[in-house]
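S.K.: the amino acid sequence is not available; the structure is as follows:
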Ligand SMILES: Cc1ncc(COP(=O)(O)O)c(C=O)c1O
């Protein structure tokens, strides 16, 4: 939504396939910067098809009140009129990304329908549209969701684009990596209060923000706990000084979990490490790639030096 001059210039120099453009000012800036470099940049217009993806409000991106994309009327104006002035652009694609964790086929059908109708009518008026980028958005199973399968999705997409002479681009994220990642958290303390039990763990909202941010559910599996136990509802919380710092609330877990036990927080492959921060001066955890019985530390654990690297004491 907000590509800077520096980012656009870097992308132009790298000769990326095309820019997905989200506003007229952005389009004009890319045109200007492409001109400076004597280049013609390929561009797709990210449309806002006004489709409700039926997902969490924060990851809904294609309703008309969202900041993303360009409404269809303005998109037509860009293709049919504005494009003539933008000599350094080849506006040759349509893009949409309607949201994330979309479990139903309906929103995709609606967006595809609107995009193809638009492409068809623009082509009839002489616009050469060669690319359709349909974004990501496929939902995954965190708990008991029953999302459309990749095969259902493929059938839907093919039914719309077959024979339309379009290069199809997909941007799946969560579907590819969501369930490939697990966050390991160690129990530091078991704290019983008159009303609740808290498992205080060494991971926190800075490592996995989805529960605090979206009220998201992540399955929690205690590791190596062979002791038989009844289940007890607990809050699994981190050490950060925010009541919003929790990984799970009222979660039924074995009532004999103790300090030192390790919990696997599942489905942590998407929007967890990528959204991690150093909030509360916490060092980010290591990332470990596991393949079969082999593993490699692909990103080492941060230390306090990492946190202050780049800081300077002013002598004024
Ligand atoms: C433009 C765009 N494409 C693709 C994705 C990936 O979405 P998902 O992980 O839901 O597949 C995102 C996620 O934010 C996005 O903003």
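M.R.: Sure, I can see it. Please read these numbers as outputs of a predicted model, since none were measured by experiment.

S.K.: so the residue nearest in space to the middle of the chain is in which element?
M.R.: In the chain, the centroid-proximal residue (CA atoms, centre = their mean) is residue 271; its distance is 5.7 Å. Assigned by DSSP states H and E, residue 271 belongs to no helix or strand.

S.K.: list the residues that contact residue 145.
M.R.: 103, 139 (CB atoms under 8 Å, 6 or more residues apart in numbering). Any C-beta I mention is one placed from the backbone N, CA and C, and that applies to glycine too.

S.K.: for it, grab phi and psi.
M.R.: phi -60, psi 150 (degrees, to the nearest 10).

S.K.: which pLDDT value goes with it?
M.R.: Among the per-residue scores, residue 145 shows a pLDDT of 93.

S.K.: host element of residue 93?
M.R.: Counting by DSSP H and E, residue 93 is part of strand 89-95.

S.K.: hang on, the earlier thing: thought residue 183 was touching the residue nearest to the centre of the chain, still the case?
M.R.: No - using CB atoms under 8 Å as the test, residue 271 is too far from residue 183 to be in contact (11.9 Å).

S.K.: which residues of the stretch 51-200 of the chain lie near the ligand?
M.R.: 97, 100, 135-138, 171-175 (CB under 6 Å from any ligand atom).

S.K.: one more pass at 8 Å, please.
M.R.: By CB under 8 Å from any ligand atom, the part of the stretch 51-200 of the chain that sits against the ligand consists of 59, 61, 68, 95, 97, 99-102, 135-139, 171-176, 178.

S.K.: any idea how far residue 148 is from the residue nearest to the centre of the chain?
M.R.: 20 Å (CB to CB, to the nearest Å).

S.K.: on that earlier part again, so after the strand holding residue 93, what's the next helix or strand?
M.R.: helix 106-124.

S.K.: what's the following helix or strand after that next one?
M.R.: Criterion used, DSSP H and E; the element after helix 106-124 is strand 131-133.

S.K.: please name the nearest non-neighbouring residue to residue 113.
M.R.: residue 160 (7.1 Å; CB to CB, 6 or more residues apart in numbering).

S.K.: doesn't the one you found fall inside a helix?
M.R.: Yes - assignment of residue 160 by DSSP: H, G, I helix; E, B strand; the rest coil places it within a helix.

S.K.: okay, now it: neighbour count?
M.R.: 18 (other CB atoms under 10 Å).

S.K.: do I have it right that it meets residue 112?
M.R.: Yes - the pair residue 160 / residue 112 is scored as a contact, 4.2 Å apart, by CB under 8 Å.

S.K.: re the thing from before, buried residues of the strand holding residue 93, list them for me.
M.R.: By neighbour count on 16 or more other CB atoms under 10 Å, the buried set for strand 89-95 is 89, 91-95.

S.K.: which one of the residues you listed is nearest to the ligand?
M.R.: Taking CB to the nearest ligand atom as the measure, the ligand sits nearest to residue 95 out of the buried residues of strand 89-95, at 7.7 Å.

S.K.: gap between the closest one and residue 167?
M.R.: In terms of CB to CB, residue 95 sits 12 Å off from residue 167.

S.K.: please identify every residue contacting each of those two.
M.R.: In contact with both residue 95 and residue 167: residue 132, using CB under 8 Å, 6+ apart.

S.K.: by proximity to the ligand, which residue of the stretch 201-316 of the chain wins?
M.R.: For the stretch 201-316 of the chain, CB to the nearest ligand atom, closest residue to the ligand: residue 270, 5.8 Å.

S.K.: that residue - how many residues pack around it?
M.R.: Neighbours of residue 270 (other CB under 10 Å): 22.

S.K.: give me phi/psi at it?
M.R.: According to degrees, to the nearest 10, residue 270 has phi -120, psi 130.

S.K.: so who does it touch?
M.R.: Residue 270 touches 140, 173-174, 177-178, 181, counting by CB under 8 Å, 6+ apart.

S.K.: okay, those residues in JSON lines with pLDDT next?
M.R.: As requested, the contacts of residue 270 are exported to JSON lines (pLDDT from 0 to 100):
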{"residue": "140", "pLDDT": "97"}
{"residue": "173", "pLDDT": "97"}
{"residue": "174", "pLDDT": "97"}
{"residue": "177", "pLDDT": "97"}
{"residue": "178", "pLDDT": "98"}
{"residue": "181", "pLDDT": "97"}
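
S.K.: neighbour count and distance to residue 228 added to these, as JSON lines?
M.R.: JSON lines is the format used below for the contacts of residue 270 (neighbours: other CB atoms under 10 Å; distance: CB to CB, whole Å):
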{"residue": "140", "neighbour count": "18", "distance to residue 228": "32"}
{"residue": "173", "neighbour count": "17", "distance to residue 228": "40"}
{"residue": "174", "neighbour count": "20", "distance to residue 228": "36"}
{"residue": "177", "neighbour count": "18", "distance to residue 228": "35"}
{"residue": "178", "neighbour count": "23", "distance to residue 228": "32"}
{"residue": "181", "neighbour count": "18", "distance to residue 228": "29"}
